[in-house]
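only geometry, no sequence info:
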């Protein structure tokens, strides 16, 4: 009997899981499964209650929505807002080979997941660069949509037929997930009616809500979420520390340079949409040495502004960072709305994050760029201060041809 085929769940859930799997012509609660992927793990063979089985511990410094605590043979991973407006969720990650901990209070009903995991279904492409950076890409056996994946290690697994697409049209296929029997399904930080069904069937659903972080480094630090799942805490810390070091080095390089007046965003549904100063992109812009009239707005979302107010204040901006994810030329921009033609000066230095789009339409800016804000900041700093970065090799941004 495979030790993880029925997982550490209450008996009623375990029986439900096996019945559902059997109904799908899967190997019930015995035999091998896709969970054999990445099965070589350093598990506890002679448990000692006094031994600390997590010698490498993660410390959260920049992420505000993630917490990790350690308890010798298990760790508690807490996501403070697993979906917008949702109550905090905690997951008990038990080192393989250790006995199931008897917990009470808030953790009595928390999912218990044996780690390191061997297989994972991923609800967002933002998870994949982190898994690759940790050397754990082989554990990815399912993704919501294969077309948008850019991470080479996962892309090759897709091409080899080793990765299942489980959410056609964005809707998770419950039967397909249960048939795949991943150790965990990591969500995209949004709620879905399929998740309770999966949990009832013994599939642990964990929320990765990195996108709710307003800080670029805060989002990148969620690599430690995957470090906890895969047993690569040390590597996760080393990768993040390197990203943070490089990010701060770029920010320091432009810190004393004159600010560049930059136009952000574009017209959407009759209004101008622009990143607020306290938002993820607003912070990137500020750290890249950019300034704009609404940079002082410390809200963390997008601003909806009248087109007239933007024309009045920004028609003479020195550069333009578009948010349109399709326009590869100014002509394409003008065809969308003729009022864009007013911005003749910023159009001379108009840039869009479309350099890293794959053949299926997936944009690595929204994938690797989330883990590597240092690279995004490098691009933005080179756009706003080309004199300081004369030989910069752009990762994500391309300049729109001047008409």
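Nice, I can see it. Please read these numbers as outputs of a predicted model, since none were measured by experiment.

tell me how many other residues crowd residue 234.
Neighbour count of residue 234, defined by other C-beta atoms under 10 Å: 14. Where you see a C-beta, it was placed from the backbone N, CA and C, and this is true even at glycine.

could you look up the SS state of the closest residue to it other than its chain neighbours?
Of all residues beyond its chain neighbours, the one nearest residue 234 is residue 56 (4.0 Å), with distances taken as C-beta to C-beta, 6 or more residues apart in numbering. Following DSSP: H, G, I helix; E, B strand; the rest coil, residue 56 is assigned to coil.

go on, the one 5 residues further on?
Assigned with three-state DSSP, residue 61 falls in the coil class.

one more: residue 87?
Three-state call for residue 87 (three-state DSSP): coil.

which residues of the stretch 101-250 of the chain fall in helices?
With helices called from DSSP state H, counting those that start in this stretch, the stretch 101-250 of the chain shows them at 127-133, 152-159, 174-180, 194-200, 216-220, 223-230, 233-254.

kindly report the same for the stretch 301-403 of the chain.
Under DSSP H, counting those that start in this stretch, the stretch 301-403 of the chain gives helices at 307-314, 330-336, 344-347, 368-371, 373-384.

nearest to residue 105, of those?
Closest of the helices of the stretch 301-403 of the chain to residue 105 is helix 368-371, at 33.9 Å (criterion: C-beta to C-beta).

tally of neighbours for the nearest residue to residue 207 once chain neighbours are set aside?
Closest residue to residue 207 apart from its sequence neighbours, by C-beta to C-beta, 6+ apart: residue 82 at 3.3 Å. If you count neighbours by other C-beta under 10 Å, residue 82 ends up with 24.

ok but residue 82 is inside a helix, no?
No - looking at residue 82 with three-state DSSP, it is coil, so not inside a helix.

give the contact list for the most centrally placed residue in the chain.
When C-alpha atoms, centre = their mean is applied to the chain, the residue found nearest the centroid is residue 126 (3.2 Å). Shown in contact with residue 126 (C-beta atoms under 8 Å, 6 or more residues apart in numbering): 188, 208, 210, 211, 366, 367, 370, 371.

tell me how far the residue nearest to residue 234 lies from residue 74.
Using C-beta to C-beta, to the nearest Å, we find residue 56 at a distance of 15 Å from residue 74.

go on, residue 88?
18 Å.

more neighbours: those two, which one.
residue 74 (23 against 13).

skipping adjacent residues, who's closest to that one in space?
With sequence-adjacent residues excluded and distances taken as C-beta to C-beta, 6+ apart, residue 74 is closest to residue 94, at 4.5 Å.

surely the one you found and residue 115 touch.
Yes - contact criterion C-beta atoms under 8 Å: residue 94 and residue 115 qualify, at 6.8 Å.

looking at the two now, which is surrounded by more residues?
Legend: neighbour count by other C-beta under 10 Å for residue 94 and residue 115, higher for residue 115 (24 against 20).
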